[in-house]
Structure formats: structure tokens, C-alpha cells
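**Q** coords please:
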Amino acid sequence: MPHLIIEYSDNLVDRLHVDLNGFLDAMATTMSESGLFRTGGIRIRAYPSPLYRVADGDPDNAFVALRLHIAPGRTHPQKVAVGEALFHAARNRLAVPIDKGRLALSLEVTEIDADLRWNANRIHDRLVGDEG
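**A** Take a look at the predicted model:
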């Protein structure tokens, strides 16, 4: 954990000229620099939505919806801080289309119930071994 899931309208790259790889890098850096997450647990995935309608249906309208799923154990202020940091970083990377009134950006932070979560991950161990 954490998992950042990004859904976006598929016109983001072609029509709005957003550097999606740069956007993902900015999100990863922000998550890492928050100090709340171990690098080996960070997952980011992005999915284009080929069928969508934003506002009046203008083909130059777009959206980016960010959903951050985190494990329990962080305080409410920590969750707010990481949400604000991610939103700020996303807003900066997407400033041009937002400022032109072409992009709707949203972010939500969800804490996963520990009793309803299963995973297997040895990446942390490998990363620590690489550092040592």
C-alpha cells in the first residue's frame, strides 16, 4: 500500500497534450516524499476511459480522477496532508488544461479495512537487501 488509481478521459494525451509519464512520476515522487509510505509498497496505475462525457460534451473537455487507497494506521491529519500534496502536484502538472476550463480534476483518499485486505509482497525485502 498505497495504491493510486488514476482514471482519465482518453483525450488527455492527444487533444490536451498532457505528459502522462511525467504526471505519473510526479505522483510517485509526491507519495514517496510524504514520508508515509515505503517505496516498495507504492503502486500507481492509470486507465484511460474511451467512453466518457464531460459537462456539455465538448470533445476538448477532459477529466482526471485520482483514488488513493491506503492501509490503516495514519492519522486524519496525515491523510489530509498526503491528499493535499497529491492534489497540489496534480494541479501543477495539469495547470494548462485546468486553467483553460478544459479539465476536471478530482482526488479522494480511502482507507482500506485491514480485515478485508489480503496481499503478498516481497518487494520491500528485496529493496532493503539492495540497499544493504
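**Q** Quick one: residues contacting Ala120.
**A** By CB atoms under 8 Å, 6 or more residues apart in numbering, Ala120 lies in contact with nothing. Glycine gets a C-beta too; all of them are placed from N, C-alpha and C.
**Q** And it, what's its pLDDT?
**A** In this prediction, Ala120 carries a pLDDT score of 85.
**Q** tell me the secondary structure for it?
**A** Classification of Ala120 by DSSP: H, G, I helix; E, B strand; the rest coil places it in coil.
**Q** Use 398 as the first number for this chain going forward.
**A** Noted, 398 is the first residue going forward, which turns the last one into Ala517.
**Q** isn't there a helix covering Ile495?
**A** Yes: the assignment for Ile495 is a helix, going by three-state DSSP.
**Q** Can you check the pLDDT for the residue nearest to it when sequence neighbours are not counted?
**A** Once flanking residues are discounted, Ile495 sits nearest to Leu502: 6.2 Å by CB to CB, 6 or more residues apart in numbering. At Leu502, the pLDDT value in this model is 98.
**Q** One more: the one 10 residues further on?
**A** Here the pLDDT value assigned to Asp512 is 86.
**Q** Secondary structure element holding Leu502?
**A** Using DSSP states H and E, Leu502 maps to strand 500-508.
**Q** Then Leu448?
**A** Using DSSP H and E, Leu448 falls outside every helix and strand.
**Q** Would you mind measuring from it to Asp407?
**A** Distance, Leu448 to Asp407, by CB to CB, to the nearest Å: 9 Å.
**Q** more neighbours, these two?
**A** Shown here are Leu448 and Asp407; by other CB atoms under 10 Å, Asp407 has more neighbours (14 against 6).
**Q** Which pLDDT value does the model give the spatially closest residue to that one that is not a sequence neighbour?
**A** Excluding the flanking residues, the one nearest Asp407 by CB to CB, 6+ apart is Pro445, at 3.9 Å. At Pro445, the pLDDT value in this model is 97.
**Q** Packing partners of the helix or strand of the chain with the lowest mean pLDDT?
**A** None of the helices or strands of the chain scores lower by mean pLDDT, DSSP states H and E than helix 520-528, at a mean of 75. Of the remaining helices and strands, none touches helix 520-528 by 3 or more CB pairs under 8 Å, 6 or more residues apart in numbering; DSSP states H and E.
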